[in-house]
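> my questions are about this predicted structure, shown below with the sequence.
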Amino acid sequence: MDIYLIRHGECCNVSIAFFDTEKNTMDPPLTEKGMRQAAKLADRCKGIGFDRIVSSDLSRARQTAEQLKIASSCDLSIDPSFREIDMGDIHTKPWEDYPELYAKWRLHLEDLPYPNGENGEDVWNRCRIQLARLLETQYKKIAIVCHGGTIRSILCGVLGIPQHKRFYLGFPLENCSITMIRYGESEKKFYLHTLNDFLHLHDL
């Protein structure tokens, strides 16, 4: 099975206006440029032949996935398991309020959580359950439209890399980039085939 991990398009700058109290997280929509990126992505993926598209429930991922669905003519399902990492208090408070934690966090020497939020292992633990379910299907090619932090945590999880190393995978992962992992059925292992491919966005 080939799993295409796709980051959403460019979104509006995060501000308190986009904080969704029901989801308890920031939920900004795509910008006009983000929509153009999503259209370029969809055109790039036309020939892949996805069997299924799965999207995070956050607006920027859903809007990107909807463009992909139009071009791919396959079913789209929404799954909050693939949301971006929960930044906890950092959604509404500055890092300056947590000087000691920030001093440790920014070194990326351990998998520290955001204050009252998640760490990389938390993200992987919620994603791995859904990945396992997808592997039980007969699908051959699946697109998962989600977020940079989520993709990094998934990569660390499937490749056995410590989660604090995820920050070195892409600097950063580009909007609407494609990262593809392949699951070898006989070996029961994942292989990384493509990382942060954004050639389709060269003229934007």
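All right, it came through fine.

> isn't His193 right next to Ile178, touching?
No: His193 is beyond contact range of Ile178, at 10.1 Å (criterion: C-beta atoms under 8 Å). Heads up, the C-betas are built off the backbone N, CA and C, glycines and all.

> so these two - more neighbours on which side?
Taking other C-beta atoms under 10 Å, His193 and Ile178 do not tie; Ile178 has more neighbours (22 against 13).

> which residue is the nearest non-sequential neighbour of the more buried one?
Nearest residue to Ile178, sequence neighbours excluded (C-beta to C-beta, 6 or more residues apart in numbering): Asp197, at 4.5 Å.

> again with Pro80
Asp57 (4.4 Å).

> can you pull out the helices in this structure?
32-45, 59-72, 99-105, 120-135, 148-159 (DSSP state H).

> tabulate these (CSV), appending distance to Gly9.
As requested, the helices of the chain are exported to CSV (distance: least, C-beta to C-beta, whole Å):
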stretch, distance to Gly9
helix 32-45, 3
helix 59-72, 5
helix 99-105, 27
helix 120-135, 21
helix 148-159, 12
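
> compare those and give me the one nearest Pro80.
helix 120-135 (8.7 Å; C-beta to C-beta).

> what lies in contact with the closest one?
For helix 120-135, the external contacting residues (C-beta atoms under 8 Å, 6 or more residues apart in numbering) are 1, 3, 52, 54, 79, 81-82, 85-86, 111, 113, 142, 149-150, 152-154, 156-158, 163-164, 166, 183.

> 7 Å instead?
For helix 120-135, the surrounding residues in contact (C-beta atoms under 7 Å, 6 or more residues apart in numbering) are 1, 79, 81-82, 85, 111, 113, 142, 149-150, 153-154, 156-157, 163-164, 166, 183.

> without its sequence neighbours, what residue ends up closest to the spatially most central residue of the chain?
Residue closest to the average C-alpha location in the chain (C-alpha atoms, centre = their mean): His147, at 2.5 Å. Leaving aside its sequence neighbours, His147 sits nearest to Glu84 (C-beta to C-beta, 6+ apart; 3.7 Å).

> surely that neighbour and Gly149 touch.
Yes: with contact defined as C-beta atoms under 7 Å, Glu84 reaches Gly149; the gap is 5.3 Å.

> wait, isn't Lys46 in contact with Ala71?
Yes: assessed by C-beta under 7 Å, Lys46 is found in contact with Ala71 at 5.1 Å.

> lowest-confidence helix or strand of this protein?
strand 19-20 (a mean of 84; mean pLDDT, DSSP states H and E).

> so the longest strand along the chain versus helix 120-135, what angle?
If you go by DSSP state E, the chain has its longest strand at strand 189-197. Interaxial angle of strand 189-197 relative to helix 120-135 (axes from the mean of the first three to the mean of the last three C-alpha atoms, to 10 degrees): 110 degrees.

> and strand 189-197, what does it pack onto?
Here strand 189-197 touches helix 148-159, strand 178-184, going by 3 or more C-beta pairs under 7 Å, 6 or more residues apart in numbering; DSSP states H and E.

> and the ones you listed as TSV, adding distance to Lys93?
Converted to TSV, the helices and strands packed on strand 189-197 look like this (distance: least, C-beta to C-beta, whole Å):
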stretch	distance to Lys93
helix 148-159	19
strand 178-184	31
